[in-house]
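Visitor: make a model of this:
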Amino acid sequence: MNISKIKRIIFLMISLILTFQMMSCTRSQINASSTENKVSVYANPETIQFTGSDRAKMFKQMYLKLGYEFPPQAEYDAILEAKDNDAAKAAYEEGVENLLNSTKLKESLLDFFTKILGVGDVLSATSLEPALLGTYVVLKNKPITEFFLADYGYDTNGNVIDPTYVNGPPKSAMAGFMTTQSYFNTWVNQFGFKWLREVLALGINDRAPFSKSNLYSWKTSQLAPKYIAATTNNAIQCESCHTSLNAYRGALHGYDLTNKTWLDTFTRGTNQYTQELNDSSGLEPRNDNGTIMSEVNGAKLFKLTDDGTAFSTPRQFAEELVKHENFASSWAERLIVYALGLPPGSPGAPPTIPNYFSDNEAKVAFKKKWETKLKDNDMIAKKFLKEFFNSADYLVTGYVDPNTTTEEP
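Guide: Predicted coordinates for the structure are as follows:
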């Protein structure tokens, strides 16, 4: 095992310890409580005068969790030994700027993206193209939408590369991580449902039947009869997946999903764009009387939202996805989860989705506030992280109120 791998393991262990500490004692407006009928200071972190000691503590935690190393001693001392709180603030913000402008977040970003994608192995450096795209979208100050829309990729050193591959889509149809070879090969199946399940979870933090999201879905009457109330031999309900996800399969009409080959032909034929058996029994959508809808009319029903634009390529699907009303909220939460070192969720059936900010009004308001800030920062992840790290909302997660002697719940 080489030194870089040992370093990664050591600092991942330190990060895990710090994460458990933070999860057990985080106190801020997202977990506000009151004591003796008084509103906790943690409900209004902007009112706290953070000292050099407070900022130095969080600066060290930031480096350990996200840089996998201790902070530069000179930068740490400049914060800790600042002549007053204003000087400490200036030194802290300079240290944050230096960290974000370095490549020291690369390893933690790779870990974050491989976890949420379910693709890639950092230690063996295999199948990393989707995670490298996410990592360098952040490091190179690009909008997080590029993670979904890019028609380019990055190598491990951050150089731009051509992402096309044999049997893959042309650049005009490529859609960020979604169409990278390793991601597609990991998650595609005959119907395309696994791929859609994972992409939607990453785009809007929701999962079928998508009760939290404004999404278009087909009526049961529009399904092929063989999927209505049908079950497979392992008791999977066909109808639920087909009603929830059929409308988005238009993204894959250029693929032969069985052979994982891009055909660039968008005719339904007798096998529903190569996504069904070759016997016409799976052709959809259906008219109200059960007859097969014409291909021209049916093409209009492959869309993401009721008023959305129909699509027939991954790129067109991704363009609709990043416009969805839940997209900014989803990625504000995911970036905060990264910043705080919290469990980021994982793919699977069903995906595990981060949901830290929804069970009370204060948490919902916190999430909405940072969703707005992500939009105000033009969806640029690095600018968003800079504002979050410099905020009282971040600093208060490690703050100990000197006026209290007991831990707040």
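
Visitor: domain ranges for this protein, per the record?
Guide: 1-187+326-409, 206-325 (automatic domain parsing).

Visitor: redo the ones you listed as a markdown table? Include distance to Trp195 and mean neighbour count.
Guide: For glycine as for every other residue, the C-beta is placed from the backbone atoms N, C-alpha and C. Listed next are these as a markdown table, based on distance: least, CB to CB, whole Å; neighbours: other CB atoms under 10 Å:
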| stretch | distance to Trp195 | mean neighbour count |
| --- | --- | --- |
| domain 1-187+326-409 | 4 | 17 |
| domain 206-325 | 7 | 17 |
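
Visitor: quick one, helices of the stretch 101-250 of the chain?
Guide: Assigned by DSSP state H, counting those that start in this stretch, the stretch 101-250 of the chain shows helices spanning 106-117, 129-139, 146-149, 181-187, 193-204, 238-245.

Visitor: so how far is the shortest one from its chain's centroid?
Guide: Taking the mean of its C-alpha atoms, helix 146-149 sits 11 Å from the chain's own mean (CA atoms, centre = their mean, to the nearest Å).

Visitor: now for that helix, which elements pack on it?
Guide: Helix 146-149 is packed against helix 129-139, helix 314-321, with contacts defined by 3 or more CB pairs under 8 Å, 6 or more residues apart in numbering; DSSP states H and E.

Visitor: could I get that helix in CSV with only the CA atoms?
Guide: What follows is helix 146-149, C-alpha atoms only, in CSV (Å, rounded to 0.1, in the frame of the first residue of the first chain):
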residue,chain,number,x,y,z
GLU,A,146,-22.0,20.9,-15.8
PHE,A,147,-21.8,17.7,-13.9
PHE,A,148,-25.0,16.8,-15.8
LEU,A,149,-24.5,18.6,-19.1
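
Visitor: got the contact list for that helix?
Guide: Contact partners of helix 146-149, identified using CB atoms under 8 Å, 6 or more residues apart in numbering, comprise 133-134, 137, 175-178, 203, 315, 318-319, 321-322.

Visitor: what of the second one?
Guide: The contact list for helix 129-139, computed with CB under 8 Å, 6+ apart, reads 103, 105-106, 109-110, 112-114, 117, 119-120, 122, 142-144, 146-147, 150, 153-156, 158, 163, 176-177, 180-183, 381-382, 385.

Visitor: closest one to Gly95 out of the contacts of helix 146-149, please.
Guide: Val137 (23.3 Å; CB to CB).

Visitor: how about the nearest residue to Thr186, chain neighbours excluded?
Guide: Using CB to CB, 6 or more residues apart in numbering and skipping residues adjacent in sequence, the residue nearest Thr186 is Val119, 4.9 Å away.

Visitor: I'd say that neighbour and Met178 touch.
Guide: No - Val119 is beyond contact range of Met178, at 11.0 Å (criterion: CB atoms under 8 Å).

Visitor: related to what we said a few turns ago, which stretch among the helices of the stretch 101-250 of the chain comes nearest Phe366?
Guide: helix 193-204 (19.0 Å).

Visitor: using CSV, write out every CA atom in the closest one.
Guide: In CSV, the C-alpha atoms belonging to helix 193-204 read as follows (Å, rounded to 0.1, in the frame of the first residue of the first chain):
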residue,chain,number,x,y,z
PHE,A,193,-35.2,2.1,-15.1
LYS,A,194,-32.1,1.7,-12.9
TRP,A,195,-30.2,4.4,-14.8
LEU,A,196,-33.2,6.7,-14.5
ARG,A,197,-33.7,5.9,-10.8
GLU,A,198,-30.1,6.9,-10.0
VAL,A,199,-30.0,10.0,-12.2
LEU,A,200,-33.2,11.4,-10.8
ALA,A,201,-32.1,10.7,-7.3
LEU,A,202,-29.0,12.8,-7.9
GLY,A,203,-30.8,15.5,-9.8
ILE,A,204,-33.8,16.2,-7.6
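
Visitor: on that earlier part again, any chance of the helices and strands packed on helix 146-149 in TSV, with mean pLDDT and distance to Gly290 too?
Guide: Shown next, in TSV, are the helices and strands packed on helix 146-149 (pLDDT from 0 to 100; distance: least, CB to CB, whole Å):
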stretch	mean pLDDT	distance to Gly290
helix 129-139	98	41
helix 314-321	98	28
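
Visitor: redo those helices as CSV? Include distance to Asn44.
Guide: Listed next are the helices and strands packed on helix 146-149 as CSV, based on distance: least, CB to CB, whole Å:
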stretch, distance to Asn44
helix 129-139, 30
helix 314-321, 36
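
Visitor: out of those helices, the one nearest Val296 is which?
Guide: helix 314-321 (17.0 Å).

Visitor: hmm, back to that, can you pull the contacts of the residue nearest to Thr186?
Guide: 127, 130-131, 182-183, 186-187.

Visitor: returning to what we had before: rank the helices of the stretch 101-250 of the chain by pLDDT, which is bottom?
Guide: Lowest mean pLDDT within the helices of the stretch 101-250 of the chain: helix 238-245, at a mean of 86.
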